[in-house]
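1. Provided below are the primary sequence and the corresponding predicted coordinates.
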Amino acid sequence: MSPRGFSVLRRGGILFRTGDAHAATNVGTEGQVLTSHAGATPTFETAVGGGGGAPDAATYIVQVPHAGLSAEQPLSALATGLVKNTTTTGVLSIGVANTDYAAAAHASRHENAGADEISVLGLSGLLADAQTPLAHATSHKSGGTDAVKLDELAAPTDVATLNASTSAHGLLKKLSNIATEFMNGQGAWAVPTAGAPLAHATSHKSGGSDVVALDELAAPTDIATLNASTTAHGLLKKLSNVATEYMNGQGAWTVPAGGGSGWDQEIYKAADQDVVANTTLQNDTHLLFAVTAGEAWEIEFILKYSGNATGTDMKVNAAFPSANGQYNVLSTSISDAIAALNVTVRATTTLTTFTCATRSALTTAEILRVSAILVFTASGNFQVQHANQVSGTTRVMAGSVLRGRLLAP
């Protein structure tokens with residue numbers, strides 16, 4: 001027998017071992033065996049089982065056949081390969097690849113339909129190679145087991161193959177970045193051409209589906225084509241900005257003859273008017289009206305006035321075309337002598353300028369009333385005037401009034 005590279009020989013009735021690492025130095029007695037223990041010097045020791053050696057007919061496993069043995073199994077008689085032991089008999093044989101052991105190259109056994117097919121479901125971790133998934137689109141659709149939301153997909157690129165077309169719906173085409181462009185029905189960004197809408201007037205009328213309230217329309221301009229006329233109702237004509245004028249039945253702004261307050265002209269001052277550090281008489285911006293040569297008028301103007309200087313700091317007059325007549329003055333604070341305020345005028349263009357006392361606050365009002373009967377010898381405007389007498393600021397307040405009654409043409 002040859003374990004660990006030693007040869008077993010029988011010679012002269014003595015069984016001993018020899019090998020490369022140990023040399024026989026002497027011969028023991030019958031029944032001893034040359035033995036080495038853990039690299040120590042070989043010695044003859046009594047063989048286990050008594051004397052006489054192993055029987056020739058016993059079963060041995062040897063490397064090559066030996067003439068002195070009758071029942072040995074030489075390994076040299078086996079094919080090259082892995083040795084397999086047979087249970088009970090102890091007979092050795094060469095194992096069969098992929099039956100007794102896995103061959104070095106045996107991937108096909110684990111592949112689909114192989115003898116040792118491996119199911120991916122039984123593995124863990126990730127596969128080394130990219131795998132094409134089985135068809136599973138329905139799982140990602142609406143209502144599927146793994147639905148994908150549209151706004152959870154990755155941001156799109158500039159690939160246009162999925163854009164909407166005339167044959168299928170799809171993605172919106174990339175924006176043009178031009179605010180005046182809109183997408184037309186052919187999928188192009190373009191500036192729309194002006195076009196008339198379909199007839200839909202009834203939808204904006206009272207009771208329609210898209211009613212437009214009259215006071216929600218845009219502000220009107222000075223176009224008069226829709227003004228009321230004697231043949232159709234319509235818009236009110238533009239105001240004349242003259243307080244004494246009224247619209248007659250022919251659509252004209254006129255001063256009614258008689259009636260009302262009894263005055264043919266009655267003009268109220270719409271806003272305060274200040275004169276600052278100026279002693280030159282200034283035309284009042286509201287208190288005036290037109291007269292014609294040959295007309296006789298009864299005229300009255302009542303001023304609410306004030307000043308910021310205590311004392312005499314207000315002067316008043318009226319300018320007009322040449323006229324004859326008489327006037328007088330009444331006031332809550334007048335500086336001129338009473339005798340001077342009942343004045344007869346002849347062929348003159350102004351009244352006599354008279355002064356009025358003011359208080360120290362522009363908000364403290366005084367009242368001045370001037371009345372006259374004048375026959376005009378020329379045409380023009382009757383115009384109230386006022387200014388500072390000395391300095392400071394004087395004010396004629398809103399609500400002051402100029403009236404006129406035509407006595408004779």
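-> Thanks, I have the structure now.
2. on the three-state scheme, Asp151 is what?
-> In terms of secondary structure, Asp151 is helix; the call rests on DSSP: H, G, I helix; E, B strand; the rest coil.
3. distance of it from Val62?
-> Computed with CB to CB, to the nearest Å, the distance linking Asp151 and Val62 is 81 Å. Every residue, glycine included, has its C-beta placed from N, CA and C.
4. repeat for Glu366
-> For Glu366 relative to Val62 (CB to CB), the value is 154 Å.
5. picking up where we left off before, who's more crowded, Asp151 and Val62?
-> Neighbours were tallied for Asp151 and for Val62 using other CB atoms under 10 Å; the higher tally belongs to Val62 (17 against 4).
6. which residues does the closest residue to that one other than its chain neighbours contact?
-> Sequence neighbours aside, Glu72 is the residue nearest to Val62 in space, at 4.8 Å (criterion: CB to CB, 6 or more residues apart in numbering). Neighbour list for Glu72: 59-62, 65-66 [criterion: CB atoms under 8 Å, 6 or more residues apart in numbering].
7. ok, now Asp56?
-> With CB under 8 Å, 6+ apart as the criterion, the residues that contact Asp56 are 68-70.
8. neighbours around Ala190, how many?
-> Using other CB under 10 Å, Ala190 is surrounded by 13 other residues.
9. just list the residues touching it, thanks.
-> Neighbour list for Ala190: 181-184 [criterion: CB under 8 Å, 6+ apart].
10. make it 6 Å
-> 181, 184 (CB atoms under 6 Å, 6 or more residues apart in numbering).
11. and it, what pLDDT?
-> Reading off the confidence values, Ala190 has pLDDT 91.
12. and it, bridged to which residues?
-> Here Ala190 sits in beta bridges with Phe182, going by DSSP bridges.
13. relative to Ser165, how far out is it?
-> With distances taken as CB to CB, Ala190 is found 17 Å from Ser165.
14. how about Leu402?
-> 78 Å.
15. likewise Asn283?
-> Separation of Asn283 from Ser165 (CB to CB) stands at 76 Å.
16. so what pLDDT did Ala135 get?
-> Confidence for Ala135, expressed as pLDDT, is 89.
17. make sure it is indeed in a helix.
-> No: counting by three-state DSSP, Ala135 is located in no helix; its state is coil.
18. and it, how many neighbours?
-> Here the neighbour count serves as a burial measure; for Ala135 (other CB under 10 Å) it reads 7.
19. any idea of the pLDDT on the residue lying closest to Ser165 once chain neighbours are set aside?
-> In space, not counting the residues next to it along the chain, Ser165 is nearest to Gly187; the distance is 6.5 Å by CB to CB, 6+ apart. At Gly187 the predicted local confidence, pLDDT, stands at 90.
20. I'd guess Gly187 is in a strand, am I close?
-> No: with the criterion set as three-state DSSP, the secondary structure at Gly187 is coil rather than a strand.
21. for Ala160, see how far away it is.
-> With the distance defined as CB to CB, Gly187 ends up 10 Å from Ala160.
22. what of Thr348?
-> As for Thr348, its distance to Ala160 is 92 Å (criterion: CB to CB).
23. helices along the stretch 51-200 of the chain, start to end?
-> Remark: helices assigned in the stretch 51-200 of the chain by DSSP state H, counting those that start in this stretch are 107-110, 137-140.
24. export those helices to TSV and tack on distance to Tyr268 and mean neighbour count?
-> Output for the helices of the stretch 51-200 of the chain, formatted as TSV (distance: least, CB to CB, whole Å; neighbours: other CB atoms under 10 Å):
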stretch	distance to Tyr268	mean neighbour count
helix 107-110	111	12
helix 137-140	81	10
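25. looking at the ones you listed, which one has the lowest mean pLDDT?
-> Summarising mean pLDDT across the helices of the stretch 51-200 of the chain, the least confident stretch is helix 107-110, with a mean of 79.
26. ok so, going back, from the contacts of Asp56, which is closest to His110?
-> For His110, the nearest member of the contacts of Asp56 is Leu69. The distance, counting by CB to CB, is 44.6 Å.
27. number of residues surrounding that closest one?
-> 18.
28. show me the contacts for it.
-> Leu69 makes contact with Tyr60, according to CB under 6 Å, 6+ apart.
29. show me where pLDDT drops low in the protein?
-> Low-confidence segments of the chain (pLDDT under 70): 1-54, 256-261, 311-312, 333-347.
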